[in-house]
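Enquirer: I'd like to go over a predicted model; first the sequence, then the structure.
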Amino acid sequence: MHQPDHDIRNRLLIARLPAMPQILIKLIELLQADDAGMPELAALIAKDAGMTSKILSVANSSAYQRHSRSVGLEQALVSLGTDMIKTLVISESVFQTFNNFPHSGSTDLRAFWKGSLTTAVIARDIARAMDYPHVEEAYLAGLLHNVGRLALLSTAPKEYAYNFTARDDEDLCAVEQRTLEITHTEAGAWLIERWNLDSFLADSVLYHHEPVTRLESAHPLIRIVRLAHHLCYHDGDADEAAALCGLDATQLDAFVKSAARQVLKSAEYLGIDLTGADD
């Protein structure tokens, strides 16, 4: 047995893990109100100088700007559109949070980021196909589904450094349980609850390695993230997982192909270099 001062759960409690930015928490509250329009988004973003700068940077990039003159915040929001703004706010908030984890600056996070972004965009596409009303919530859940790996790396860098680079599958969970007595799914769910984010977000993180047969009656967000994770990290037959969300192989194949393009674009906007992420 580990001594109490070496127990990972205790170390998680006292670790200086970052807080979730207030703008993301407020955005989630806004989105859950179901009537988030452009004026409300603009008012929220205008209060955050860093987020305003990011929105202006993207809006004035060559991808969106056809004129030589720069646009202000209001014009930027109109040119980007509501969906893009929501994605940028969520992605940038999570990006800054992840970068504030201890040891993240000295660790190669390219593969981690690629997996998180891929799962996020696939989760959003699945949510749309299922008519799940909160597609941004699905995107956020995909981005956060492996946050427990960062939490464990921050808390136990020596013990977890090798496992952080390992393939994200059921074998990894078994190794984590054996060596640390906690899995990254448990650590991630614990952290999301600590951030006071929606409970189904925590559950979607907790159960993203759960056998498909045990999730047939689970909340849609849990099933969405489970399927998105499968499509991101596991080659081969996805029929069983696809049945969770009532989708077929043709739809899933389209989501995976589309994700590759979307991830590169998102990484560019966030300033993340994914070159060599698959090595």
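Expert: Received, thanks. Note that this is a predicted model, so its numbers are computed, not measured.
Enquirer: how about the strands in this protein?
Expert: Shown for the chain, no strands are assigned by DSSP state E.
Enquirer: Tell me which residues are up against the lowest-mean-pLDDT helix or strand in it.
Expert: Ranked by mean pLDDT, DSSP states H and E, the helix or strand of the chain with the weakest confidence is helix 239-243, at a mean of 80. If you take C-beta atoms under 8 Å, 6 or more residues apart in numbering as the criterion, helix 239-243 is touched by V212, R226, L227, H230, L231, D248, A249, Q251, L252. (Glycine included, C-beta is placed from N, CA and C.)
Enquirer: wait, what's in contact with the fifth one?
Expert: Contacts for L231 were tallied using C-beta under 8 Å, 6+ apart; they are I122, A238, A241, L252, F255, V256.
Enquirer: Next, the contact list for N100, please.
Expert: Contact analysis of N100 by C-beta under 8 Å, 6+ apart lists P18.
Enquirer: Let me see the backbone angles for it.
Expert: Backbone torsions of N100, given as degrees, to the nearest 10, read phi -90, psi 0.
Enquirer: Begin at 808 from now on, thanks
Expert: Happy to do that; since the first residue is 808 now, the last one works out to N907.
Enquirer: Quick check: it vs S900, distance?
Expert: Here the criterion is C-beta to C-beta, to the nearest Å. By it, N907 lies 11 Å from S900.
Enquirer: ok so, going back, of the contacts of L1038 - the most surrounded one?
Expert: I929 (28 neighbours; other C-beta atoms under 10 Å).
Enquirer: ok, and the closest non-adjacent residue to that residue?
Expert: Among residues not flanking I929 along the chain, A1035 sits closest, at 4.2 Å (C-beta to C-beta, 6 or more residues apart in numbering).
Enquirer: and what of L884?
Expert: L884 sits nearest to A849 (C-beta to C-beta, 6+ apart), 5.4 Å away.
Enquirer: still on that earlier bit, which parts of the least confident helix or strand of the chain count as buried, going by neighbours?
Expert: Using 16 or more other C-beta atoms under 10 Å as the test for burial, helix 1046-1050 gives A1048, A1049.
Enquirer: ok, back up a step: min pLDDT across the contacts of helix 1046-1050, which one?
Expert: Scanning the contacts of helix 1046-1050 for pLDDT, the smallest score is found at A1056, 86.
Enquirer: which residues touch it?
Expert: Under the criterion of C-beta under 8 Å, 6+ apart, the contact partners of A1056 comprise A1045, D1046, A1049.
Enquirer: Give the buried residues for stretch 911-928.
Expert: Buried positions in stretch 911-928, judged by neighbour count with 16+ other C-beta under 10 Å: 911, 914, 916-928.
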